[in-house]
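**Student:** Okay, predicted coordinates and the sequence, questions at the end:
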Amino acid sequence: MISMTDKKTLEVVEKIIEDSKKLNRSFEESVDLVFNLKNIDLNVPKNRIDEEILLPHGRGKKAKVALCASGELALKSKKHVDLLIKPEEIEDLSNDKKKFKKIVEEHDFFVSEAPLMPTIGKSLGTVLGPRGKMPRPLQPNADISDTVKKLRETVKVRAKANKTFHTIAGSLKMDKKEITENINTILKRVEASLERGRMNIGSVYVKTTMGPSERLI
């Protein structure tokens, strides 16, 4: 386990909140965690990090979810997702990579009914794969509302080739104790996914979208 107390995390969160107030931003900033790894070779696949973490208090601003589906699932999902991609639209998006890249940038997670996965992989995988956004397969009897609800409060933590990476831990509109718990949840998951745990973490910083960073580890 990472050797820090909730008190230490809370102190850092309080500091960035105070710093943000001085900047007087006109928009709601997110709270981000920036990791710097050490003593690890990310060229070795098993050392890479690719985690989805459901935050106990959510992201502050809900993640956007796109679904690839047809038939009854498509009809049921319309009110739950931000974007519905029907099977007949997949080929069109494959031929218009610029349009599809924009869609991928605007959505945090993709979900697809299982039978469409091979088609998506073949047609759209070259855009989705490198960005870590290949769809999560959805089985026919799955509860789409529950799946989307969880994804909206989930963050992606991904380190493929770069030892420095960041993720969202909440937003400034959240209570400082909620942000603290979110941060510690992410820290524990990242540590658990590293071969040498805490020893592979060089430093961790907490910052707001436009504000200065504060070192946590």
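**Tutor:** Sure, I can see it.
**Student:** OK, contacts around residue 166?
**Tutor:** With contact set as Cβ atoms under 8 Å, 6 or more residues apart in numbering, residue 166 has these partners: 32-35. (Each C-beta comes from the backbone N, C-alpha and C, glycine too.)
**Student:** swap in residue 157?
**Tutor:** 49-53, 165, 167, 186, 189-190.
**Student:** Can you pull out the low-pLDDT segments for this protein?
**Tutor:** For the chain, applying pLDDT under 70 flags the ranges 1-5, 24-26, 140.
**Student:** Kindly list the main-chain dihedrals of the residue nearest to residue 49 when sequence neighbours are not counted?
**Tutor:** Distances taken as Cβ to Cβ, 6 or more residues apart in numbering put residue 159 closest to residue 49, at 4.1 Å, once the chain neighbours are dropped. As for residue 159, its main-chain torsions (degrees, to the nearest 10) stand at phi -130, psi 110.
**Student:** likewise residue 49?
**Tutor:** Dihedral angles for residue 49 - degrees, to the nearest 10 - are phi -110, psi 130.
**Student:** Hmm, residue 194 and it touching each other?
**Tutor:** Yes - contact between residue 49 and residue 194 holds when scored by Cβ atoms under 8 Å: they sit 7.4 Å apart.
**Student:** quick one on the thing from earlier: okay, and which of the contacts of residue 157 map to strands?
**Tutor:** 49-53, 165, 167 (DSSP state E).
**Student:** what's near enough to touch the residue nearest to residue 49?
**Tutor:** 35, 37, 42, 48-50, 165.
**Student:** For PyMOL, write the select line for the buried members of these.
**Tutor:** One line in PyMOL is enough to select the buried ones among the contacts of residue 159; burial here means 16 or more other Cβ atoms under 10 Å:
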select buried, resi 35+37+49+165
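**Student:** Break this protein down into its domains, please.
**Tutor:** Following the assignment in automatic domain parsing, the chain carries domains at 6-60+153-215, 65-151.
**Student:** measure residue 135 to residue 168 for me?
**Tutor:** 21 Å (Cβ to Cβ, to the nearest Å).
**Student:** which among the contacts of residue 166 gets closest to residue 96?
**Tutor:** Of all the contacts of residue 166, residue 32 has the smallest distance to residue 96: 31.9 Å, by Cβ to Cβ.
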